[in-house]
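# Sequence plus predicted model, see below.
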Amino acid sequence: MTRGSALALAALVAATPARADPHRFALVVGDAQGGEGTRPLRYAERDAKRIYAILTRIGGVQPDDARLLTGAEAGEVRAALAELSARSAAARQRGEETLLVVYYSGHAKDGELRLADTRLALSELRALLQEAPADVRIGLVDSCQSGAITRAKGVRTAPAFDVKQAREREAGPHGLVLIASSAADEESQESDEIAGSFFTHYLASGLLGDADASGDGKVTLAEAYAYAYARTVGSTADTRAGAQHPVYLYDLGGAGDVVLTQLSQSRGGLIFGAADEGQYVVLDRTRRAVAEVAKERGASRRLALAPGVYLVKKRLDDAVLVGEVEVGGELVEVADARLSRRPLEDDPQKGASGPRWSMLGTLGGQRFFDAGARNGLFPPATLAGAELSARDDLGHQLAWGLDLALGGGTATLTLPGVSPIGERFTELGGGASLWRDFGLSESWTASLGARVAFLYLGRNFPGHSELPAQGFFTLTPGLEAMLSWQFGRHWSALGRGRLNYLFYNVDKNESLGYFELAVGVEYAFGL
């Protein structure tokens, strides 16, 4: 497949009349772990989430008709595909035209998709798509050697198709299209600079609007493929692994092309005017690339972006143009004259794969489950804390943090046969945590992780000089869960709970458990 034939494919189908939109279904799978003999991928799950968001926002797929699987096993993929196939069959029985999209980002080796320690043969996936009860079935596979899926007996991999002949056969498109990110003997490459795979990054950019070569506000399958092909080959030509060539199998009958996204379904976005030219990169609040625009002077280009704050940059020979834009419910125009000129070393995309630092302040409390412990050395405590954390340092949505908390209070010590004794105590704790973030939406994030901490508690007894001050020091492992809400560009509010284990061996050996609850505000640097 050459760049010229890909562009010819787009030009041919662009001339065909539009069709009524079919009932759409989508299965999107991202898996970073390929099991034995593979290295974890940094961006497979992020790529899957990007495609899922695009398809459900401007791709005409309703959330109820879409499934997003990350870290799944092969059996879960089969089950999800079977469920969507059944829903598609029901829609066809109601007289609706249907379209099914299956996207995969992850490892593939020896003709199999590798999902952790499970396998799904490319030939099986192809067969499942061929047999799926949908008028149009589209498979998008972003993995090494994924081009093997296009090797199918009885179907053709011609660079284009005869639109005139297709129109004579039937009114609407039907059949199977398979698109793979690389040829059967090539590796599919990831990039730290764009924080994603080359193929999916350009596929996403194209679907958001940069592939709209006709300017009609719709991105068709052929336009998306032609764009992703040209940009992927061009961007990987000078990499150490060499040029990566997306391939496709086309067995689609009927007239016209399939529209994958409609830019009008997103009211907000960016519009790049006709007066400027060049290549622009759009970064999100984490300084990761979400789209690119390569435009010529005299042509406008629209990107259908979700609401949020973005940074637009254009790299020149001796400088970089940078500007911050906020996308809401309207289109925002981007012009070179409105961008700030900075030295090349101030490129905001540099270091996108490095850690993102944040500082968290918390206020909360601690309480032991055992009543005896609460009335002894471990009474309930009020704690104020601070935590320094880093994200995008380890990849795979893992984060780590170092925390310190100080607190205490007063309590009454009750002992058998002794009058109650007032006590004053102080507590110092600190630890190291490792957790994984799970994005629930643009603003909400859930996190689960583990923590190893130290705990020091000291107490004295005012008015009882005959009683010496006491102290206790130990290490405590535990689990933690968080829910955070981003309410500003740099700011988030969160609630956190921890369950901890403590082995007490002063007076006797005893296992104790305690929990901590806290609320806090987090500030993220460099966004």
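Ah, there it is.

# neighbouring contacts of stretch 371-388?
357-368, 401-409, 411, 413-414, 423, 425, 427, 429, 433, 457, 459, 470, 472, 504, 506, 512, 514, 516, 518, 520 (Cβ atoms under 8 Å, 6 or more residues apart in numbering). All C-beta atoms are positioned from the backbone trio N, CA, C, and that covers glycine.

# Which segments of this protein make up each domain?
Following automatic domain parsing, the chain resolves into domains at 3-263, 269-346, 356-524.

# got these as TSV, with mean pLDDT columns?
Formatted as TSV, the domains of the chain follow (pLDDT from 0 to 100):
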stretch	mean pLDDT
domain 3-263	80
domain 269-346	87
domain 356-524	84
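
# Give me whichever of those domains is most buried.
Of all the domains of the chain, domain 3-263 has the most neighbours on average by mean count of other Cβ atoms under 10 Å, namely a mean of 20.

# Which phi and psi values does residue 43 adopt?
With angles defined as degrees, to the nearest 10, residue 43 sits at phi -120, psi 10.

# Tell me who's in contact with it.
190, 195-197.

# Return the subset of those residues lying in strands.
Using DSSP state E, 190, 196-197 are the members of those that sit in strands.

# Which of the helices or strands spans residue 41?
Following DSSP states H and E, there is no helix or strand that holds residue 41.

# Contact partners for it?
32, 34, 105-107, 190.

# Next, give me the two most distant ones among the residues you listed.
34 and 190 (13.0 Å; Cβ to Cβ).

# Quick check: beta-bridge partners of the closest residue to residue 332 other than its chain neighbours?
Excluding its sequence neighbours, the residue lying closest to residue 332 (Cβ to Cβ, 6 or more residues apart in numbering) is residue 325, at 5.1 Å. Beta-bridge partners for residue 325, by DSSP bridges, are residue 310.

# for the protein, what's the longest strand?
Longest strand in the chain, counting by DSSP E: strand 418-439.

# after that strand comes which helix or strand?
As the chain continues past strand 418-439, the following element, by DSSP H and E, is strand 444-460.

# what separates that next one from the chain centre, distance-wise?
28 Å (Cα atoms, centre = their mean, to the nearest Å).

# Need the CA coordinates for that strand. PDB is fine.
Extracted as PDB, the C-alpha positions of strand 444-460 are listed here (Å, rounded to 0.1, in the frame of the first residue of the first chain):
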ATOM      1  CA  TRP A 444     -12.900  12.400  38.300                       C
ATOM      2  CA  THR A 445     -10.200   9.900  39.100                       C
ATOM      3  CA  ALA A 446     -10.200   6.800  41.400                       C
ATOM      4  CA  SER A 447      -7.000   5.400  42.800                       C
ATOM      5  CA  LEU A 448      -6.000   2.200  44.500                       C
ATOM      6  CA  GLY A 449      -2.600   1.400  46.000                       C
ATOM      7  CA  ALA A 450      -0.400   0.200  48.800                       C
ATOM      8  CA  ARG A 451       1.700   2.000  51.400                       C
ATOM      9  CA  VAL A 452       4.500   1.200  53.900                       C
ATOM     10  CA  ALA A 453       4.800   3.700  56.700                       C
ATOM     11  CA  PHE A 454       6.300   4.400  60.100                       C
ATOM     12  CA  LEU A 455       4.400   5.500  63.100                       C
ATOM     13  CA  TYR A 456       5.700   7.200  66.300                       C
ATOM     14  CA  LEU A 457       3.400   8.000  69.200                       C
ATOM     15  CA  GLY A 458       4.500   9.700  72.400                       C
ATOM     16  CA  ARG A 459       2.300  10.500  75.400                       C
ATOM     17  CA  ASN A 460       2.700  12.100  78.800                       C
END
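
# what's the angle between that strand and strand 418-439?
160 degrees (axes from the mean of the first three to the mean of the last three Cα atoms, to 10 degrees).

# And the strands in the stretch 351-500 of the chain, which stretches?
356-368, 381-391, 398-415, 418-439, 444-460, 470-486, 491-504 (DSSP state E, counting those that start in this stretch).

# From residue 511, how far off is the residue nearest to residue 332?
Residue 325 sits 55 Å away from residue 511, going by Cβ to Cβ, to the nearest Å.

# How about residue 288?
From residue 288 to residue 511 the distance is 44 Å (Cβ to Cβ).

# same thing with residue 370?
On the measure of Cβ to Cβ, residue 370 and residue 511 end up 9 Å apart.

# got a pLDDT number for residue 349?
Residue 349 is assigned a pLDDT of 61 by the prediction.

# Just want the angle from the longest strand of the chain to strand 491-504.
Using the same axes, to 10 degrees: strand 418-439 against strand 491-504 is 130 degrees.

# Mind telling me what element the residue positioned nearest the centre of the chain is part of?
By Cα atoms, centre = their mean, the mean C-alpha position of the chain lies nearest to residue 46, the distance being 2.9 Å. Counting by DSSP H and E, the element that carries residue 46 is helix 44-58.

# Ok, residue 86 next?
Judged by DSSP H and E, residue 86 forms part of helix 74-93.

# for that helix, packing partners?
strand 23-30, strand 66-70, strand 98-105, strand 112-115, strand 118-121, helix 122-131 (3 or more Cβ pairs under 8 Å, 6 or more residues apart in numbering; DSSP states H and E).

# wait, which of those is closest to residue 250?
Of the helices and strands packed on helix 74-93, nearest to residue 250 by Cβ to Cβ is helix 122-131, at 13.3 Å.

# quick one on the thing from earlier: starting from the longest strand of the chain, tell me which strands it pairs with and how they run.
strand 398-415 (antiparallel), strand 444-460 (antiparallel).

# And that strand, how far out from the chain middle?
On Cα atoms, centre = their mean, the centre of strand 418-439 falls 34 Å from that of its chain.

# Can I get the helix holding residue 46 as CSV, trimmed to CA atoms?
Output of helix 44-58 as CSV, limited to C-alpha atoms (Å, rounded to 0.1, in the frame of the first residue of the first chain):
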residue,chain,number,x,y,z
ALA,A,44,-1.6,1.1,25.1
GLU,A,45,-4.3,1.8,27.6
ARG,A,46,-4.2,5.5,27.1
ASP,A,47,-4.5,5.0,23.3
ALA,A,48,-7.6,2.8,23.9
LYS,A,49,-9.2,5.4,26.1
ARG,A,50,-8.5,8.1,23.5
ILE,A,51,-10.2,6.1,20.7
TYR,A,52,-13.1,5.2,23.0
ALA,A,53,-13.7,8.9,23.9
ILE,A,54,-13.6,9.9,20.3
LEU,A,55,-16.0,7.2,19.1
THR,A,56,-18.5,8.0,21.9
ARG,A,57,-18.3,11.7,21.6
ILE,A,58,-18.2,12.4,17.8
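
# elements contacting that helix?
Looks like helix 44-58 contacts strand 23-30, strand 66-70, strand 98-105, strand 136-142, strand 196-197, helix 198-205, strand 259-262 (3+ Cβ pairs under 8 Å, 6+ apart).

# can you redo those as CSV with distance to residue 447?
Converted to CSV, the helices and strands packed on helix 44-58 look like this (distance: least, Cβ to Cβ, whole Å):
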stretch, distance to residue 447
strand 23-30, 19
strand 66-70, 15
strand 98-105, 23
strand 136-142, 27
strand 196-197, 22
helix 198-205, 25
strand 259-262, 31
